[in-house]
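Chemist: All I have is the shape, not the residue letters:
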């Protein structure tokens, strides 16, 4: 694999040596991929459509340094970087130049050293919120010598019948502060702000685990968002995290809607 990259590098270097312009490009035979030198490094550009393309940056030894998907000239999609040895360094996803979702970081030895969940703030360019972070040792145990922050969600059911409660268990498995948490679960928008002032529940938890139950939903697809406030011992500082869960509500078979509505009102 390394030899193939090295041969490719040599061929393209010879083709570009006739032109002193650092950004002169050469199109490959398929007319969809081109190569150029950019800021002293070989770079390939693979065109997927008028607005989408993939760029690959190479080390001097021909090994890929980074691979990025772009749309409308912005980072959109998968992004990876590599060590000179060819082993992966980190991988994640971008949305409009902003990190979003779970990102994975690896040591040069090849083991997973850290994973971080980012929540993109698309209203502000190049800004994100670190939602969760876990550091690992070589044997894949949590590295307690570093700061960690992680929670787990357990949905009892992804699909329920209309009239049944939806239950969700929140467990702060690796808390930043090992004391307590508060929950705000409601009709939150994508920025986790209250929509039209409507709020489902605010819960003050004595520990780091809570099962939330609600019947405030609609038929069909539902999205439930929440905020977790993990407090220190004196409740003067906290770590804020957020989550989004989806569930589906369907009608009970052979039961009239009027009967279901009367049961819900009685509760």
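Modeler: Received it, and whenever you're ready, just let me know what you need. Just so we're clear, the structure is a prediction, and the values are computed from it rather than from any experiment. Numbers count the residues shown, from 1 in each chain.
Chemist: what's the neighbour count on the nearest residue to residue 132 once chain neighbours are set aside?
Modeler: Distances taken as C-beta to C-beta, 6 or more residues apart in numbering place residue 117 nearest to residue 132, at 4.1 Å, with adjacent residues excluded. No exception for glycine: its C-beta is placed from N, CA and C like everyone else's. Applying other C-beta atoms under 10 Å, we find 22 residues neighbouring residue 117.
Chemist: Now do the SS call for the spatially most central residue of the chain.
Modeler: Geometric centre of the chain, nearest residue: residue 101, 0.4 Å, by C-alpha atoms, centre = their mean. What DSSP: H, G, I helix; E, B strand; the rest coil gives for residue 101 is strand.
Chemist: what sits against the residue nearest to it when sequence neighbours are not counted?
Modeler: Of all residues not flanking residue 101 in the chain, residue 93 sits nearest, at 4.7 Å (C-beta to C-beta, 6+ apart). Contacts for residue 93 (C-beta atoms under 8 Å, 6 or more residues apart in numbering) come out as 77-79, 99-101, 103.
Chemist: Just the buried subset of those, please.
Modeler: Neighbour-count burial (16 or more other C-beta atoms under 10 Å) applied to those gives 79, 99-100, 103.
Chemist: Enumerate every residue touching residue 247.
Modeler: Per C-beta under 8 Å, 6+ apart, neighbours of residue 247: 155, 157-160, 166, 217, 222, 224.
Chemist: which residues does residue 134 bridge with?
Modeler: residue 115 (DSSP bridges).
Chemist: Quick check, pLDDT for it.
Modeler: On pLDDT, residue 134 comes in at 94.
Chemist: Quick check, it in contact with residue 151.
Modeler: No. In this structure, residue 134 is not within contact of residue 151 by C-beta atoms under 8 Å, at 10.7 Å.
Chemist: Give me the common contacts of the two.
Modeler: residue 174.
Chemist: Please enumerate the helices of the stretch 1-150 of the chain.
Modeler: When secondary structure is read from DSSP state H, counting those that start in this stretch, the stretch 1-150 of the chain shows helices at 2-16.
Chemist: for the chain, which spans come out with low pLDDT?
Modeler: 1-31, 121-128, 195-199, 254-267 (pLDDT under 70).
Chemist: hmm, back to that, in JSON lines: the contacts of residue 247, plus distance to residue 202 and secondary structure.
Modeler: Listed next are these as JSON lines, based on distance: C-beta to C-beta, whole Å; DSSP: H, G, I helix; E, B strand; the rest coil:
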{"residue": "155", "distance to residue 202": "21", "secondary structure": "strand"}
{"residue": "157", "distance to residue 202": "24", "secondary structure": "coil"}
{"residue": "158", "distance to residue 202": "25", "secondary structure": "coil"}
{"residue": "159", "distance to residue 202": "27", "secondary structure": "strand"}
{"residue": "160", "distance to residue 202": "23", "secondary structure": "strand"}
{"residue": "166", "distance to residue 202": "18", "secondary structure": "strand"}
{"residue": "217", "distance to residue 202": "18", "secondary structure": "coil"}
{"residue": "222", "distance to residue 202": "20", "secondary structure": "strand"}
{"residue": "224", "distance to residue 202": "14", "secondary structure": "strand"}
